[in-house]
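Trainee: for reference, the sequence and a predicted model appear below.
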Amino acid sequence: MEIFVYVKSCSSCTFIVLCLMHSVCVDSGTDWVDPLDPTVIAENELLSAANSIEAAAKKLAQLQPRLRPRVHVSYCLLIMLLLCLLPLLA
């Protein structure tokens, strides 16, 4: 009630500023925190770490195993290789 009596005697710009300040105070309630508070800093760091872990988990979920190139050795090539190595083994 006192605010409105004061506002009537002020200019329109002041009235708008006061209305905005009042709406901010009403909307925010007591949710204001000190950014230098160690608890707030720790909470922000934990939230950041949780977001990083979640992003890494999403990336890991999208990964696929690498396909190894299949090497086909023909039977004839294997025989030739064994015949070439046979004199070295004797």
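Mentor: Structure received. Residues are numbered from 1 along each chain as shown.
Trainee: what mean pLDDT does the helix ranked longest in the chain get?
Mentor: Secondary structure assigned by DSSP state H gives helix 38-62 as the longest helix of the chain. Mean per-residue pLDDT for helix 38-62: 92.
Trainee: and if you look at stretch 74-90?
Mentor: For stretch 74-90, the per-residue pLDDT averages 80.
Trainee: could I have that stretch exported to CSV, CA atoms only?
Mentor: This file holds the C-alpha atoms of stretch 74-90, laid out as CSV (Å, rounded to 0.1, in the frame of the first residue of the first chain):
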residue,chain,number,x,y,z
SER,A,74,44.2,-68.7,-50.8
TYR,A,75,45.1,-72.3,-50.3
CYS,A,76,47.6,-72.2,-53.2
LEU,A,77,49.4,-69.2,-51.8
LEU,A,78,49.7,-71.0,-48.5
ILE,A,79,51.2,-74.1,-50.1
MET,A,80,53.6,-72.0,-52.0
LEU,A,81,54.7,-70.2,-48.8
LEU,A,82,55.2,-73.5,-47.1
LEU,A,83,57.2,-74.9,-50.0
CYS,A,84,59.4,-71.8,-49.9
LEU,A,85,60.0,-72.0,-46.2
LEU,A,86,60.5,-75.8,-46.1
PRO,A,87,64.2,-75.6,-47.1
LEU,A,88,64.9,-73.1,-44.4
LEU,A,89,63.4,-75.4,-41.7
ALA,A,90,65.5,-78.5,-42.8
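Trainee: buried residues, it. List them.
Mentor: Of the residues in stretch 74-90, none count as buried by neighbour count, 16 or more other Cβ atoms under 10 Å. Any C-beta I mention is one placed from the backbone N, CA and C, and that applies to glycine too.
Trainee: all set, thanks.
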